[in-house]
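In: Attaching a predicted model along with its sequence, questions to come.
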Amino acid sequence: MLTLAIESSCDETACAVIKDGREVLSNIISSQIDIHRKFGGVVPEIASRKHIEAINNIIQEALDEANCKFEDIDMIGVTQGPGLIGALLVGLSTAKALAYGLDIPLIGVNHIHGHICANFIEHRDLEPPFTCLVVSGGHTYLLNVRDYTDFELVGRTRDDAAGEAFDKVARSLGLPYPGGPHIDRLAKEGDKDSISFPRVYLEDDSYDFSFSGLKTAVLNYLNQEKQKGQEISIENVAASFQQAVLDILVDKSFKLANETGSKKIVLAGGVAANQGLREMMEERGTKEGIQIYYPSRILCTDNAAMIGSAAYYNYRKGLISGLSLNAEPNLGLN
Amino acid sequence: MEIRINGLKETEDFGIKLGRLLEPGDIVCLNGELGAGKTTMTKSIGIGLGVEEYITSPTFTLINQYRGRMPVYHFDVYRLENVEELYDLGFDEYFFGNGVCIIEWAEKIERMLPEDRLVIDIKNGKNIDERTLHISGHGPRYEELIKELE
């Protein structure tokens, strides 16, 4: 079965063609295309208007690369939320028009569900149940994934998302946006034990996260050192900060895996591209006999292939949306 | 008006008090450095407005929407590259709508804001937990609101 999937929840306009939920025939993201040549203008970061300008070309590109036509497509998958309302509506309206015009099913997808499914594309043999950590610039979720479309939300951030903490600390260190990869790189050169930043674990039985206090602690440290006229080692700050975030992410993920008896921990979202996180997870996984999975970088960031995979599994469960499907900026899980 | 607050508890007390006084259509602008406590303040205002969900940082999504006594729109324009992008978000529907708008980093979009608004500048104090709030009201509604806060 071929799914044409559309993702436009935030910055990227993306379209993909997916076969049977696991095989990528094409995966086009607007920012990767020679935008100037194609659209005669720059696609700025956040603009629903720009999604509109880009989307038809992106869809055509996805079909061309997959070597298929509209008539070959069996269903349309689209991100319903969470995300920016204006941006979501562009993808959703386009998806509805296609589903109606082609007379094929329309499948609404939760963006977070998509991130989880990126792993089904990457690892053909991966099957639920497993423990899943979704970490990105906008999201931090710890989940029990029971089946392809059945997941239980166990923990989430109470303030800043993990990736957001990375970006904000990076900015205060004078690093360019997005800051995560720069912190990751610098952290390798620094001493992770050089500065003691707080680890906020919240209540004993809680799987929730809080990163706002850590961000503030780093900013306070930078201010204090500046006032004292001390030279600041950004490598050491990056390494110590990153370690504080990773300690919490890794500890809570393993705690949940151990509690549920899961032998698999699956990472998803932009922060799953963090080398430090991957290594720390794998190291501990080897010790505790837990297998670690994560997608390749292109599937970590927002993309439509993951939406196509999630749409396929929704379809198999009979979760077909009507043409009255609406965008839900605050769409939660379950 | 200037208020000195010490620690999380006092921030919460102030935020909740302000939240209880807010009415549909009100605009609250929050300025201050990273880590000054803008999102913390918003959480407390949210409690005063009857929001029961966790209010989390909207840095990534730019706008988060909550249900309280009235709709609550929580903006964070930190990431905006240029103010024109606000048009694409349909900001005016929020600013001139029936909910309460709480806007972090409002100074970045000053010329797009309605003239009448409450502005809270959060400044770091000498101690780590100390903050000074500079509060100003533009327009009669907000001058009145400040009197109620005193």
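Out: Thanks, I have the structure now.

In: Low-confidence bits of the stretch 201-334 of chain A, can you list those?
Out: Counting by pLDDT under 70, the ranges of the stretch 201-334 of chain A that qualify are A:334.

In: tell me the helices in it, going along the chain?
Out: A:212-227, A:234-260, A:275-288, A:297-300, A:305-316 (DSSP state H, counting those that start in this stretch).

In: among these, which is nearest residue B:98?
Out: Nearest to residue B:98, of all the helices of the stretch 201-334 of chain A, is helix A:212-227, at 29.6 Å by C-beta to C-beta. The C-beta positions use only the backbone N, C-alpha and C, and glycine is treated the same way.

In: Any buried residues in the closest one, and which?
Out: In terms of neighbour count (16 or more other C-beta atoms under 10 Å in any protein chain shown), helix A:212-227 has its buried residues at A:212-219, A:221-222.

In: Look at residue 141 and say how many residues are nearby.
Out: Answering for chain A, as no chain was given. 24 (other C-beta atoms under 10 Å in any protein chain shown).

In: let's do chain B instead
Out: Counted with other C-beta under 10 Å, residue B:141 comes out at 15.

In: cool, residue B:115 as well?
Out: Residue B:115, neighbours per other C-beta under 10 Å, totals 7.

In: Torsion angles phi and psi at the closest residue to residue B:127 other than its chain neighbours?
Out: In this structure, residue B:127 finds its nearest non-sequential neighbour in residue B:6, 7.5 Å apart by C-beta to C-beta, 6 or more residues apart in numbering or on different chains. The phi/psi pair for residue B:6 (degrees, to the nearest 10) reads phi -130, psi 110.

In: circling back: so which of the helices of the stretch 201-334 of chain A gets nearest chain B?
Out: Nearest to chain B, of all the helices of the stretch 201-334 of chain A, is helix A:212-227, at 3.8 Å by C-beta to the nearest C-beta.

In: what angle separates the closest one from helix A:234-260?
Out: Put simply, helix A:212-227 runs at 160 degrees to helix A:234-260, going by axes from the mean of the first three to the mean of the last three C-alpha atoms, to 10 degrees.

In: Mind pulling the model confidence for residue 91?
Out: In the absence of a named chain, chain A is used. We note a pLDDT of 96 for residue A:91 in this prediction.

In: that's the wrong chain, I wanted chain B
Out: On the pLDDT scale, residue B:91 gets 78.

In: which ones are touching the residue lying closest to it once chain neighbours are set aside?
Out: Nearest non-adjacent residue to residue B:91, counting by C-beta to C-beta, 6+ apart: residue B:112, 6.7 Å away. By C-beta atoms under 8 Å, 6 or more residues apart in numbering or on different chains, the contact set of residue B:112 is B:83, B:86, B:91.

In: any chance of the helices of the stretch 201-334 of chain A in CSV, plus distance to chain B?
Out: Putting the helices of the stretch 201-334 of chain A into CSV (distance: least, C-beta to the nearest C-beta, whole Å) gives the following:
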stretch, distance to chain B
helix A:212-227, 4
helix A:234-260, 13
helix A:275-288, 18
helix A:297-300, 15
helix A:305-316, 17
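
In: tell me the most buried of those?
Out: Using mean count of other C-beta atoms under 10 Å in any protein chain shown, the stretch among the helices of the stretch 201-334 of chain A with the greatest mean number of neighbours is helix A:305-316 (a mean of 29).

In: if we can go back for a sec, so the residue nearest to residue B:91 versus chain A, what's the distance?
Out: 15 Å (C-beta to the nearest C-beta, to the nearest Å).

In: helix, strand or coil for the residue most central in space within chain B?
Out: By C-alpha atoms, centre = their mean, chain B has its centre lying nearest to residue B:102, at 3.6 Å. Three-state assignment for residue B:102 (DSSP: H, G, I helix; E, B strand; the rest coil): strand.

In: In chain A, which residue sits closest to chain B?
Out: residue A:138 (3.3 Å).

In: Next, residue A:228: phi, psi?
Out: Phi and psi for residue A:228, reported as degrees, to the nearest 10, are phi -80, psi -10.

In: pull the longest helix from chain B.
Out: helix B:7-21 (DSSP state H).

In: Tell me which residues touch the residue nearest the centre of chain A, please.
Out: Centroid-nearest residue in chain A: residue A:269, 2.5 Å away (criterion: C-alpha atoms, centre = their mean). Residue A:269 makes contact with A:115, A:134-136, A:139, A:163, A:300 under the criterion C-beta under 8 Å, 6+ apart.

In: can you do 10 Å?
Out: A:111-112, A:115-116, A:118, A:132-141, A:161-163, A:294-295, A:300-302 (C-beta atoms under 10 Å, 6 or more residues apart in numbering or on different chains).

In: same check, this time on residue B:27
Out: Applying C-beta under 10 Å, 6+ apart, we find residue B:27 in contact with B:73, B:75, B:94-96, B:100-103, B:106, B:113-119, B:138-139, B:141-142.

In: ditto for residue B:32
Out: Under the criterion of C-beta under 10 Å, 6+ apart, the contact list for residue B:32 reads B:38, B:41, B:104-105, B:107, B:120-124, B:131-134.

In: before we move on, what about residue A:326?
Out: Residue A:326 sits next to A:80-81, A:85, A:88-89, A:92, A:108 when contact means C-beta under 10 Å, 6+ apart.

In: now, the most widely separated pair of the residues you listed?
Out: The largest separation in those, counting by C-beta to C-beta, is between A:85 and A:108 at 14.7 Å.

In: Would you map out the domains in chain A?
Out: A:2-115+A:300-316, A:126-297 (automatic domain parsing).

In: tell me how far the ends of the shortest one are from each other?
Out: Just to be clear, that refers to domain A:2-115+A:300-316. Distance across domain A:2-115+A:300-316, first residue to last, is 13 Å (C-alpha to C-alpha, to the nearest Å).

In: ok, back up a step: between the helices of the stretch 201-334 of chain A, which gets nearest to residue A:322?
Out: helix A:305-316 (13.4 Å).

In: mind listing what residue 143 touches?
Out: No chain specified, so I'll use chain A. A:112-113, A:116, A:130-134, A:151-156, A:207, A:256, A:266, A:268, A:333-334 are the contacts of residue A:143 under C-beta under 10 Å, 6+ apart.

In: my question was about chain B
Out: With contact set as C-beta under 10 Å, 6+ apart, residue B:143 has these partners: B:116, B:118, B:136-137.

In: make it 6 Å
Out: Residue B:143 is in contact with residue B:137, counting by C-beta atoms under 6 Å, 6 or more residues apart in numbering or on different chains.

In: sorry, back to before: among the contacts of residue B:27, which are located in strands?
Out: B:73, B:75, B:100-103, B:117-119, B:138 (DSSP state E).

In: Show me the two of those residues that sit farthest apart.
Out: B:73 and B:138 (18.9 Å).

In: How about the closest residue to chain A within chain B: what's its closest non-neighbour residue?
Out: Per C-beta to the nearest C-beta, residue B:60 is where chain B lies closest to chain A, at 3.3 Å. Leaving aside its chain neighbours, residue B:60 sits nearest to residue A:138 (3.3 Å; criterion: C-beta to C-beta, 6+ apart).

In: Return the residues in contact with the one you found.
Out: A:161, B:60-61.

In: How is it assigned, secondary-structure-wise?
Out: Following three-state DSSP, we place residue A:138 in the coil state.

In: what about it, distance to residue A:115?
Out: Separation of residue A:138 from residue A:115 (C-beta to C-beta, to the nearest Å) stands at 11 Å.
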